[in-house]
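In: below: sequence and its predicted model.
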Amino acid sequence: MRTTIELSDEHRSALHSLAARKGLRGYSKVIQEAIDLYISEKLKKEDGTDRLLKMKGTWGKKETEKVRKKLEELRRFWKID
């Protein structure tokens with residue numbers, strides 16, 4: 001299916017560059033690959049969330065608190081762009 005999207009000059013230039021490196025004339029294939037990757041990553045994340053929610057209530061209070069503290073420690077070092 002054909003569609004129209006708006007791209008910044010920087011995105012358009014980067015897409016052309018990626019396509020040229022692959023020996024492609026246009027960048028449609030590069031965009032298809034990007035969409036495939038985006039969708040698969042989103043589905044993986046949703047999958048993991050569902051699995052975690054199913055485990056709700058399986059840890060005891062002590063174990064839950066230990067994990068919560070560890071997560072809080074790790075989050076202090078996360079970089080948010």
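Out: It's in. Numbers count the residues shown, from 1 in each chain.
In: secondary structure element for the residue positioned nearest the centre of the chain, which one?
Out: Centroid check for the chain by C-alpha atoms, centre = their mean gives Glu41 as the closest residue, at 4.8 Å. Using DSSP states H and E, the element containing Glu41 is helix 28-54.
In: pull out the buried positions in that helix.
Out: By neighbour count on 16 or more other C-beta atoms under 10 Å, the buried set for helix 28-54 is Val30, Ile31. In short, each C-beta sits where N, CA and C put it, glycine included.
In: same deal with stretch 8-22?
Out: If you call a residue buried by 16+ other C-beta under 10 Å, then stretch 8-22 has these buried ones: Leu15, Leu18, Ala19.
In: for the lowest-mean-pLDDT helix or strand in the chain, the distance to its chain's centre please.
Out: Counting by mean pLDDT, DSSP states H and E, the chain has its least confident helix or strand at helix 28-54, which shows a mean of 84. Its chain's C-alpha centre and that of helix 28-54 lie 6 Å apart, by C-alpha atoms, centre = their mean, to the nearest Å.
In: one more: stretch 43-58?
Out: Centre-to-centre, stretch 43-58 and its host chain are 16 Å apart (C-alpha atoms, centre = their mean).
In: contacts for it next, please.
Out: The contact list for stretch 43-58 (C-beta atoms under 8 Å, 6 or more residues apart in numbering) is empty.
In: one more pass at 10 Å, please.
Out: Thr64 (C-beta atoms under 10 Å, 6 or more residues apart in numbering).
In: sort out for me which of the buried residues of stretch 8-22 are in helices.
Out: Judged by DSSP state H, the buried residues of stretch 8-22 include Leu15, Leu18, Ala19 as members of helices.
In: for the residue nearest to the first one when sequence neighbours are not counted, list the residues it contacts.
Out: Read it as Leu15. Excluding its sequence neighbours, the residue lying closest to Leu15 (C-beta to C-beta, 6 or more residues apart in numbering) is Tyr27, at 3.8 Å. Tyr27 makes contact with Leu7, His11, Arg12, Ala14, Leu15, His16, Ser17, Leu18, Ala19, Ala20, Glu33, Ala34 under the criterion C-beta under 10 Å, 6+ apart.
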